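Asks: What shape does this take:
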Amino acid sequence: MTTMELNAEIFRQLSYIADEKSYMDKVLAYIKKLVKQRESEEQTSLSIAAEEPAHYYTKAEILAGFDEACKELKAQMDGKLEFKPAEDLLNEL
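Replies: Modelled structure (predicted):
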C-alpha cells in the first residue's frame, strides 16, 4: 500500500468516528505518542551516527582500489569478465 493509499484509508476510517469526541481524543493521543516515539528514534540514530568516527581512506587504499578497478576493466575488455548492465543495477535499488 502506498503512502497516498494509507493516508486515504486513515482519513476514511477517521470519518467513521469523527462525530465522537472521545474516540477522536484517543486517536489524537495515540498519534502524538507515535510522533514522540519517532522523534526519540531519530535522536537515537543521529547520536549513534555522530559517535561513529569518519573513515578516511589512505593513499594506499585508494591506489589499491584504483588498481583493482583497472584489472577488472582489463578482464572485461579481454572477455574474461562480464559486467552487469547499469539498468539491472538500478532495478536492484
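
Asks: Only alpha carbons, please: show the helix or strand of the chain with the lowest mean pLDDT as PDB.
Replies: When the helices and strands of the chain are scored by mean pLDDT, DSSP states H and E, helix 86-92 comes last with a mean of 80. Backbone C-alpha positions of helix 86-92 (Å, rounded to 0.1, in the frame of the first residue of the first chain) are rendered in PDB as follows:
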ATOM      1  CA  ALA A  86      23.500  -0.400 -15.400                       C
ATOM      2  CA  GLU A  87      19.800  -0.900 -15.900                       C
ATOM      3  CA  ASP A  88      20.000  -4.200 -13.800                       C
ATOM      4  CA  LEU A  89      21.900  -2.300 -11.100                       C
ATOM      5  CA  LEU A  90      19.200   0.400 -11.000                       C
ATOM      6  CA  ASN A  91      16.400  -2.200 -10.800                       C
ATOM      7  CA  GLU A  92      18.100  -3.800  -7.700                       C
END
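
Asks: And that helix, what does it pack against?
Replies: Contacting helix 86-92 under the criterion 3 or more CB pairs under 8 Å, 6 or more residues apart in numbering; DSSP states H and E is no other helix or strand. The way it works is simple: take the backbone N, C-alpha and C, and place the C-beta from them, glycine included.

Asks: Now do it: distance to the chain's middle.
Replies: 17 Å (CA atoms, centre = their mean, to the nearest Å).

Asks: how about that helix: buried residues?
Replies: Within helix 86-92, no residue is scored as buried using 16 or more other CB atoms under 10 Å.

Asks: show me where pLDDT drops low in the chain?
Replies: For the chain, the stretches with pLDDT under 70 are 46, 48-52.

Asks: Domains in it, by residue range?
Replies: 3-51, 59-92 (automatic domain parsing).

Asks: so where's the longest helix in this protein?
Replies: helix 21-51 (DSSP state H).

Asks: other SSEs contacting that helix?
Replies: So helix 21-51, by 3+ CB pairs under 8 Å, 6+ apart, packs with helix 3-17.

Asks: could I have the helix it packs on exported to PDB, CA atoms only?
Replies: Below are the C-alpha coordinates for helix 3-17, written out as PDB (Å, rounded to 0.1, in the frame of the first residue of the first chain):
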ATOM      1  CA  THR A   3       1.700   6.300   1.300                       C
ATOM      2  CA  MET A   4      -1.200   8.100  -0.500                       C
ATOM      3  CA  GLU A   5      -3.400   5.000  -0.200                       C
ATOM      4  CA  LEU A   6      -2.500   4.700   3.500                       C
ATOM      5  CA  ASN A   7      -3.400   8.400   4.000                       C
ATOM      6  CA  ALA A   8      -6.700   7.900   2.300                       C
ATOM      7  CA  GLU A   9      -7.500   4.900   4.400                       C
ATOM      8  CA  ILE A  10      -6.600   6.700   7.600                       C
ATOM      9  CA  PHE A  11      -8.900   9.600   6.700                       C
ATOM     10  CA  ARG A  12     -11.700   7.200   5.600                       C
ATOM     11  CA  GLN A  13     -11.500   5.400   9.000                       C
ATOM     12  CA  LEU A  14     -11.400   8.600  10.900                       C
ATOM     13  CA  SER A  15     -14.500   9.800   9.100                       C
ATOM     14  CA  TYR A  16     -16.400   6.900  10.800                       C
ATOM     15  CA  ILE A  17     -15.600   8.200  14.300                       C
END
